[in-house]
Every structure is written in C-alpha cells, then in structure tokens.
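K.L.:
For reference, the sequence and a predicted model appear below.
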Amino acid sequence: MQPNPQYRIGIDEVRTLARRAPWMLLVSHPAAGMVASPSPVLVDDEHPDAQDDRLVLVTHLGRADARGHGLLAERSQEQGPPQMLVVVQGEHGYISPSWYVGDDRGQVPTWNFEMATLTCDVEVLDPDENLRVLHRLVEHFEGQYASDGGVRLDIDDEGNRGMAMGTVGLRLRVRAFDAKAKMSQNKSPETRASVVAQLDASHPRLAARMRAAG
C-alpha cells in the first residue's frame, strides 16, 4: 500500500478500524491455489494473547470454505500453524482534483481510503468453542442491527449445535500488519477543507473519517 509514512496507522487505530469494519476478506494460499472468503470478524479482547501491542480476532467459515483454505488438512508440528492474510477495508472513495485549491491545483485524481492487511496465524477451534464464537457473533450483530436486541443463538439447542457443525471457528492471531489511512494528509489545509466539503454531499462517512484523521 501507499508507502508514504504520513498515512501509516498503528495498532490502536487498526483495532478501532477492525471494530468499525468487521466484514473482512480472508486470503490463503494453500497448495491448490489462492483462496479468498469474506466473513464477519470480531476483535477478541478477552483472549489472554490480546495485549496492548497484540491483536486477536475470531470468526468462522463454512466447512467447505475452510477445506478450500487448507485448514482441515493435517499439519506437522514443524509446519506450524496455517497463515492467512486478512484484509480490513474501511471507508474509501474517489477524490477529484477539481476539488483542490491553491498550489494543489493541477494534480491527478486519487482515492482516499483506510485499510489494514493483517498477517495472521490461524487456530482452528474445537466444536464447543466454535459454537461459543457463533453465539458471540450473533449477539454482537443482532445487538447492533436488529430492533429490540434481535435474536439469540441458544448454544444448548441441539438443532443449533447440528447447524454449527457445518461451520469451522477460527482464532486469528495477528503477527504483522500493514495499515494506512490515506486522507489527503499531503494536501494543504485549504484543499483538505475543500475535499471534505465536497464529500459532505457525496460521501459523508468518508468526510467524517477525514475530519477524525485531522
């Protein structure tokens, strides 16, 4: 991603981005070829490995997807845990140079964005823990989006336990990341104000992120 150090964000900002943009892309490169699957992901602050400088995530895949990612194959101890690249995409949008003022005029179009690519060690969860992760996912998103708190996943219900067997729970320990928030930091304050004003009409959420980035 853009190498300009002005755009680089740290682990705290990545953690916040992961909470704001939980629909992530999970990418693997098993022997059969590259595989990418979207999935809802939660930040797992409750895990002992989740410290100030460490990020842990939980999610799930359908069993067929997990097999495609090579996660159900036996691995030797020497091979270590499987790895995934997890892509977190925040707000983004086209920026027209017609919005630039002063010395910034005459430049080329660009795209503002916030994104993190996370290199993760993958732990495949046992069925009971997978069910608890599914419960957390349902509780989290129902609480955010459904009226009156929505529904709950009863982990003691045999029907739910049976359906959960069609999924594979994953814990993702982030071992490295590259994260950027490109929000016109390389432009003058006047140009940034002009860009934000234009985005207020066409893309207010990106305008809000530019304001938050300062």
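P.N.:
Done, it's in.
K.L.:
Run through the bridge partners of the spatially most central residue of the chain.
P.N.:
Closest residue to the average C-alpha location of the chain: Val88 at 2.9 Å, with C-alpha atoms, centre = their mean. Counting by DSSP bridges, Val88 is bridged to Ala116.
K.L.:
What residues does it make contact with?
P.N.:
Going by C-beta atoms under 8 Å, 6 or more residues apart in numbering, Val88 touches Val14, Leu17, Ala18, Ala21, Met24, Met115, Ala116, Thr117, Leu118, Ala179. (C-beta placed from N, C-alpha, C; glycine too.)
K.L.:
6 Å - rerun?
P.N.:
Contact analysis of Val88 by C-beta atoms under 6 Å, 6 or more residues apart in numbering lists Leu17, Ala18, Ala21, Met24, Ala116.
K.L.:
Over to Arg63?
P.N.:
Gly166, Val168.
K.L.:
circling back: what separates the residue nearest to the centre of the chain from Ala179, distance-wise?
P.N.:
Per C-beta to C-beta, to the nearest Å, Val88 is found 8 Å from Ala179.
K.L.:
Same check on Gly150?
P.N.:
In terms of C-beta to C-beta, Gly150 sits 31 Å off from Ala179.
K.L.:
Neighbour count for the two, which is higher?
P.N.:
Neighbour tally, Gly150 and Ala179, criterion other C-beta atoms under 10 Å: the higher count belongs to Ala179, 21 against 13.
K.L.:
now the more buried one, what's its secondary structure?
P.N.:
At Ala179 the chain is in strand, as set by DSSP: H, G, I helix; E, B strand; the rest coil.
K.L.:
wouldn't it be in contact with Met115 here?
P.N.:
No: taking contacts as C-beta atoms under 6 Å, Ala179 lies outside contact range of Met115: 7.0 Å.
K.L.:
The lengthiest helix in the chain: what's the following helix or strand?
P.N.:
Looking across the chain with DSSP state H, the single longest helix is helix 127-145. Once the chain leaves helix 127-145, the next helix or strand it forms, by DSSP states H and E, is helix 158-164.
K.L.:
and that next one, average pLDDT?
P.N.:
Taken as a whole, helix 158-164 has an average pLDDT of 77.
K.L.:
in the helix or strand of the chain with the lowest mean pLDDT, what counts as buried?
P.N.:
Ranking every helix and strand in the chain by mean pLDDT, DSSP states H and E puts helix 158-164 at the bottom, with a mean of 77. For helix 158-164, burial by neighbour count (16 or more other C-beta atoms under 10 Å) applies to Ala164.
K.L.:
Mind exporting the C-alpha coordinates of it to PDB?
P.N.:
Extracted C-alpha coordinates of helix 158-164, given in PDB (Å, rounded to 0.1, in the frame of the first residue of the first chain):
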ATOM      1  CA  GLU A 158     -29.500 -29.500  19.600                       C
ATOM      2  CA  GLY A 159     -30.700 -28.000  16.300                       C
ATOM      3  CA  ASN A 160     -28.300 -25.100  16.600                       C
ATOM      4  CA  ARG A 161     -25.400 -27.400  17.600                       C
ATOM      5  CA  GLY A 162     -26.100 -29.500  14.500                       C
ATOM      6  CA  MET A 163     -26.100 -26.500  12.200                       C
ATOM      7  CA  ALA A 164     -22.900 -25.300  13.800                       C
END
